[in-house]
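K.L.:
here's a sequence, model it:
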Amino acid sequence: MIDFKEHTLANGLKVLANYDDCSGMAAVNLLYAVGSADESPDRTGFAHLFEHLMFRGTATVPSYDTPVQEVCGENNAFTSADYTDFYLTMPKENFLTGLWLEADRMRGLNINAQTLEVEKSVVIEEFRQRYLNRPYGEQWHTIREMVYTTSPYRWPVIGLTPDHIREATLEEVRGFYDRFYVPSGAILSVSAGIEPERVFEAAESYFGHLPALPAPVRAEVQQEPLAGPVRRVIEAAVPADQITIAFLMERRTERGYYLCDLLTDLLAGGESARLFQHLVKQKQIFSAANAYITGEVGQGMLILTGQLCSGVSVEQAEEALYEELRLLAEEPIGEYELQKVKNKFEANITFGELNVMNKAMNLGFYSMLGDMALLNGEIDIYRSITAEEIASYVRTRLTPQRSATLIYRKTQQ
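P.N.:
Residues are numbered from 1 along each chain as shown. You can find the predicted model right below:
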């Protein structure tokens with residue numbers, strides 16, 4: 001159970017505070033409501049670029065990392081399709097340093113031609129290493145284009161092409177910063193042994209002077225039902241043939257999301273799960289197999305994927321994956337198996353709440369999601385899911401007619 005208090009500054013910055021005196025650490029999390037889904041189709045990768053740029057310093061603080069290290073702190077960040085998150089941990093006596101640094105770069109970031117070129121080079125190199133020069137590296141560009149037609153989820157967080165970052169002008173980048181990196185587009189959350197009233201006072205002191213700029217207008221990610229089966233085959237110099245099957249699923253706040261989350265753990269939640277036991281260990285169809293959800297706020301994807309063992313045909317592998325779905329749809333899931341997976345979710349959520357960083361992140365995420373009841377209510381949702389619900393979902397939603405299938409065939413050397 002995460003208790004919290006909430007306060008909004010006059011400039012629109014939302015502040016959430018959780019009192020936790022179980023450790024001497026403080027977690028400061030700043031979430032910006034901007035992700036790759038907020039980008040223009042001809043200028044993708046900007047949200048991820050700013051994950052890098054935000055550490056390039058300001059006129060006041062040329063090196064962001066130096067003050068963090070001086071107060072024995074750690075920091076990092078990540079970008080998703082729906083938001084960008086910056087987080088720090090430090091001894092609670094030094095939490096004001098975290099607020100000072102975040103307030104300073106919220107509106108004072110030093111974006112000039114030199115820093116921009118340096119970070120553009122870093123991001124372009126990351127694009128090459130992780131996507132262009134890696135086996136199966138372009139699969140997420142391909143599968144997203146197959147599943148989404150109009151949604152901005154049709155490109156990955158890294159962007160559609162490195163050219164969009166390479167060709168970005170200083171004016172365009174500054175415009176993106178001015179649009180999204182504003183108090184009214186951010187959520188500050190703190191978890192520490194510090195009274196919430198003191199957190200609010202400190203937030204007012206460090207962030208209150210920042211201008212009240214218009215809140216970012218975000219494009220609504222529309223419902224996008226997958227229209228019929230989609231299939232693509234790529235021949236490439238990869239280690240083994242691979243099959244990936246994607247299904248469009250429900251939004252993050254809908255019950256179908258939790259059904260899919262539980263379902264993928266039944267299939268691939270460790271070596272005791274079905275895909276490993278049936279298809280890797282017993283039948284030896286795959287050398288590795290997995291199932292997971294992509295987790296967007298809007299309609300994400302449920303993914304089944306596996307690398308084929310030598311001598312196994314793509315047809316055999318695809319049939320084997322659908323046979324696992326058929327078993328879930330037609331044969332009752334045992335109470336022990338289902339309860340084991342539910343227990344895992346409950347344990348992960350419960351143990352996660354022991355960590356101040358997890359709590360600060362969750363406060364920001366569920367506030368951005370617009371449903372704070374889910375912060376403490378998801379365990380009950382997982383507990384309430386029945387075997388028949390899962391079977392019904394598989395029968396009606398996870399069918400070949402609603403799938404996008406991407407096949408990599410290994411080229412002959």
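K.L.:
for the residue lying closest to residue 295 once chain neighbours are set aside, give me its contacts.
P.N.:
If the residues on either side of it in the chain are set aside, residue 295 comes closest to residue 252, at 7.1 Å by CB to CB, 6 or more residues apart in numbering. Bear in mind the C-beta positions are built from the backbone N, C-alpha and C, glycine included. The neighbourhood of residue 252, defined by CB atoms under 8 Å, 6 or more residues apart in numbering, consists of 295, 296, 297, 298, 300, 369.
K.L.:
repeat that for 10 Å
P.N.:
Residues counted as contacts of residue 252 (CB atoms under 10 Å, 6 or more residues apart in numbering) are 82, 258, 293, 295-300, 365, 369, 371, 374.
K.L.:
next, residue 247: phi, psi?
P.N.:
Recorded main-chain torsions at residue 247 are phi -130, psi 140, according to degrees, to the nearest 10.
K.L.:
I'd guessed it sits against residue 292; true?
P.N.:
No. Distance between residue 247 and residue 292: 11.8 Å, which falls outside the contact criterion (CB atoms under 10 Å).
K.L.:
which one of the two has more residues nearby?
P.N.:
Remark: of residue 247 and residue 292, residue 247 carries more neighbours, 21 against 17, as counted by other CB atoms under 10 Å.
K.L.:
distance-wise, check the more buried one relative to residue 395.
P.N.:
Distance, residue 247 to residue 395, by CB to CB, to the nearest Å: 13 Å.
K.L.:
again with residue 279
P.N.:
As defined by CB to CB, residue 279 lies at a distance of 21 Å from residue 395.
K.L.:
what about these two, which has more around it?
P.N.:
Summary of the neighbour comparison: residue 279 and residue 395, criterion other CB under 10 Å, with residue 279 having more neighbours (23 against 14).
K.L.:
who touches both of residue 247 and residue 292?
P.N.:
In the contact map built from CB under 10 Å, 6+ apart, the residues linked to both residue 247 and residue 292 are 260, 301, 302, 303, 304.
K.L.:
next, count neighbours for residue 27.
P.N.:
For residue 27, the neighbour count with other CB under 10 Å is 26.
K.L.:
the residue nearest to residue 62 when sequence neighbours are not counted: how many residues sit nearby?
P.N.:
Counting by CB to CB, 6+ apart, the nearest residue to residue 62 once its immediate chain neighbours are dropped is residue 110, at 7.9 Å. Residue 110 is surrounded by 15 other residues when neighbours are defined as other CB under 10 Å.
K.L.:
where does residue 110 land on pLDDT?
P.N.:
pLDDT, residue 110: 91.
K.L.:
tell me the contacts of it?
P.N.:
Contacts of residue 110 were listed using CB under 10 Å, 6+ apart, and they are 53, 56, 57, 58, 59, 60, 61, 62.
K.L.:
would you mark the buried spots in stretch 275-290?
P.N.:
For stretch 275-290, the neighbour count (16 or more other CB atoms under 10 Å) marks 275, 276, 278, 279, 280, 285, 286, 289, 290 as buried.
K.L.:
give me the beta-bridge partners of residue 7?
P.N.:
Counting by DSSP bridges, residue 7 forms beta bridges with residue 15.
K.L.:
re the thing from before, got the contacts of residue 252 as JSON lines, with distance to residue 308, pLDDT and neighbour count columns?
P.N.:
Supplementary listing: the contacts of residue 252 in JSON lines, determined by distance: CB to CB, whole Å; pLDDT from 0 to 100; neighbours: other CB atoms under 10 Å:
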{"residue": "82", "distance to residue 308": "33", "pLDDT": "97", "neighbour count": "26"}
{"residue": "258", "distance to residue 308": "31", "pLDDT": "97", "neighbour count": "21"}
{"residue": "293", "distance to residue 308": "23", "pLDDT": "98", "neighbour count": "20"}
{"residue": "295", "distance to residue 308": "26", "pLDDT": "92", "neighbour count": "15"}
{"residue": "296", "distance to residue 308": "28", "pLDDT": "95", "neighbour count": "21"}
{"residue": "297", "distance to residue 308": "33", "pLDDT": "95", "neighbour count": "21"}
{"residue": "298", "distance to residue 308": "32", "pLDDT": "93", "neighbour count": "19"}
{"residue": "299", "distance to residue 308": "29", "pLDDT": "93", "neighbour count": "24"}
{"residue": "300", "distance to residue 308": "26", "pLDDT": "95", "neighbour count": "23"}
{"residue": "365", "distance to residue 308": "37", "pLDDT": "98", "neighbour count": "21"}
{"residue": "369", "distance to residue 308": "38", "pLDDT": "96", "neighbour count": "16"}
{"residue": "371", "distance to residue 308": "41", "pLDDT": "95", "neighbour count": "12"}
{"residue": "374", "distance to residue 308": "39", "pLDDT": "96", "neighbour count": "16"}
